[in-house]
Every structure is written in C-alpha cells, then in structure tokens.
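Chemist: Provide a 3D model corresponding to the input given below.
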Amino acid sequence: MLHKNTLIILIRNPLKGLVKSRLAAEAGIEKAYRIYKQLLARLHSNTISLPYRKCLFYDRYIDTDDYWNEKIYEKYLQSEGNIGDRMKDAIKQAFEQGAGKVVLIGSDTPEIDEIIIGKAFRSLDAHDIILGPANDGGYYLIGMKHPIAKLFDGKQWGGNLVMQETLQEIKELHLSYKLLPELIDIDTLEDLNKSGFDQWQQDQIA
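Modeler: Next up, the predicted model:
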C-alpha cells in the first residue's frame, strides 16, 4: 500500500530518570520527567488530527497501553545505534513501505504543530530536503522524497555543528533545500525558560 505522506515521530518511553538527562541534572529528575510527559502530550495533541500516515517510534519498547491510539499511530521500535542511525533506519523503512514524502520529527520541540508539519510536506513539492533548525545547532525536523543515508552518518549528535554539517552535505550533493523557522529544543533549564513551555503548562492547569 502506498502512503504518499508519512510522518515519523521519534520519542523516548516516558520513564522517570531516563528522559531529559541534561534538564534533570539542573532541575531534578521529577521536573524533567514531568516536562517530558507534557512535551509528549503536546506532541500528541498537535499531531493526532493530521491527515498523514503517522509512524511512532519508541526508543526502548513498544507501548501498546498508552494514549497513542494504534488505529491512528503505527507503532515501531527504533533501531540500535546513535540518533543518526535511528533516524536513517526509520526513514529507510518508511520509503521501503511505499512513502512518497517523509517528514521526521522528535519530541523536544513544543512549537512543532500542524502548520509547521504541513509546510514541510508542501515544501517538498519544490525542494529535495526540508530542515527545521533548532536553537542548539541541530534540527527538530527533516523531510525528504527519498532516503539519503549520508546525511545521518559521521556526525557528533548533540553537538552544535549538526545543522551546519548537514547543510554542507546537502550542497555537496547538489540537492535543493528549504529551511523552516528556527525553534527551541528543550534540553536544558535555559531552553525551558526561553521557550516559556513550563509556564504555559502551568497556565493551562490554573
């Protein structure tokens, strides 16, 4: 079966002490765990109604008893290796299953919504690669029309040169690209404060 537009979502299983380690080192395990669960809830809310095939990739085990409805989200397990390997393998799998366009996102950027994702898919009509730059030098979204393994190899993931190195490789491969707006990935307490996400969540509860 062909799936013209496939959205891949990479998440971590929300286990206390095993998520948002950099934030936990600054703000404590409890707060980091709470923030990550809220990030997942926001991501779920922002993607559940999207009119694309949606593939959810867990990092440790496939949870068949959470709020990600299996009738809406196909569930898979991320492959072994670093984040580059896992992204590369998930994208390759989607294309092998018949995707025409693939957009991949993570779970650390609360501003990713239907507008950003829709723009990424539409922009692939005229460009080979779509990238969403993150404030830390990486990216929160990557989209493409066929798998390009080179973009995911030989990088220091988590470093501040990932975006720059990826753009250089895209240019060397003579591919066209489009950049989406820069957004904040929440990895540290500074990121959290800049994003306003924690205060936003408190305001929703109040």
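Chemist: just for this protein, where's the confidence low?
Modeler: Low-confidence segments of the chain, defined by pLDDT under 70: 1-3, 200, 202-206.
Chemist: which residue ranges of it form helices?
Modeler: Ranges of helices in the chain, per DSSP state H, are 21-27, 29-47, 83-96, 114-123, 162-172, 189-195, 197-205.
Chemist: packing partners of the longest one?
Modeler: In terms of contacts (3 or more CB pairs under 8 Å, 6 or more residues apart in numbering; DSSP states H and E), helix 29-47 is packed against strand 3-10, helix 21-27, helix 114-123, helix 197-205. In this view, the C-beta of every residue, glycine as well, is placed from N, C-alpha and C.
Chemist: Ile8 is nearest to which of the helices of the chain?
Modeler: helix 83-96 (5.1 Å; CB to CB).
Chemist: helices or strands next to the closest one in the packing?
Modeler: Short answer (3+ CB pairs under 8 Å, 6+ apart): helix 83-96 packs on strand 3-10, strand 53-58, strand 99-105.
Chemist: could you dump it to PDB, C-alpha only?
Modeler: Extracted in PDB, the C-alpha atoms of helix 83-96 (Å, rounded to 0.1, in the frame of the first residue of the first chain):
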ATOM      1  CA  ILE A  83      20.200   9.100  16.900                       C
ATOM      2  CA  GLY A  84      21.600   9.400  13.300                       C
ATOM      3  CA  ASP A  85      21.400   5.600  12.800                       C
ATOM      4  CA  ARG A  86      17.800   5.600  14.200                       C
ATOM      5  CA  MET A  87      16.600   8.400  12.000                       C
ATOM      6  CA  LYS A  88      18.200   6.900   8.900                       C
ATOM      7  CA  ASP A  89      16.700   3.500   9.600                       C
ATOM      8  CA  ALA A  90      13.200   4.800  10.300                       C
ATOM      9  CA  ILE A  91      13.200   6.900   7.100                       C
ATOM     10  CA  LYS A  92      14.500   4.000   5.100                       C
ATOM     11  CA  GLN A  93      11.700   1.800   6.500                       C
ATOM     12  CA  ALA A  94       9.100   4.400   5.500                       C
ATOM     13  CA  PHE A  95      10.300   4.600   1.900                       C
ATOM     14  CA  GLU A  96      10.500   0.800   1.700                       C
END
